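> what shape does this take:
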Amino acid sequence: MKKTGILNKDISEVIAGLGHTDTIAIGDAGLPIQDGPRRIDLAVSPGIPLFFDVLKAVLSEMEVQKITIASEMKDISPDVYKRIIEMFMDIEVEMIPHSELKKRLVSTKAVIRTGEFTPYSNIILESGVIF
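Residues are numbered from 1 along each chain as shown. The predicted structure follows:
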């Protein structure tokens, strides 16, 4: 049994398989996931697990060089926006319309669905390198 880090087999596999510039997404319970990327559905009930709990776990194992978020987040979910900006103050933050973010999900390696019910709690993480 794995002792530390991400215990979820699917998430661990996806992160271990990422190369430079590959992307994964973490989304709220309502984020539509089209056929294509691997769907990792963690949603159990409203708020379980929370978006930021999953994001924090992923960041403990993934090198991120860029993030993409919906521009609507800033006005509709300002607390989520503020926290994300604080978490990623040293890397590139791309803001695009939510409709475009949903289209980009098709090219991600995986989309992790959480139980988050806060609108626009969605992020695309671009893999960096550790050297």
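> show me what the residue nearest the centre of the chain is bridged to.
By C-alpha atoms, centre = their mean, the chain has its centre lying nearest to Ile26, at 2.5 Å. According to DSSP bridges, the residues that bridge with Ile26 are Ile112, Ile123.
> contacts only, for it.
Neighbour list for Ile26: Phe51, Val54, Leu55, Val58, Val111, Ile112, Thr114, Asn122, Ile123, Leu125 [criterion: C-beta atoms under 8 Å, 6 or more residues apart in numbering]. Quick note: C-beta positions are derived from backbone N, CA and C, even for glycine.
> pLDDT value on the closest residue to the second one other than its chain neighbours, please?
With C-beta to C-beta, 6 or more residues apart in numbering as the measure, Thr114 is the residue that lies nearest to Val54, at 5.0 Å, once sequence neighbours are left out. The predicted structure scores Thr114 at 98 on the pLDDT scale.
> count of neighbours near Thr114?
27 (other C-beta atoms under 10 Å).
> before we move on, what about Asp90?
5.
> for the residue nearest to Val54, give me phi and psi.
phi -100, psi -180 (degrees, to the nearest 10).
> residues contacting it?
Here Thr114 is in contact with Ile26, Gly27, Asp28, Ala29, Leu42, Ala43, Pro49, Leu50, Phe51, Asp53, Val54, Ser121 (criterion: C-beta under 8 Å, 6+ apart).
> mind doing that once more with 10 Å?
Applying C-beta atoms under 10 Å, 6 or more residues apart in numbering to Thr114 gives the contacts 26-29, 31, 40-44, 47-55, 121-122.
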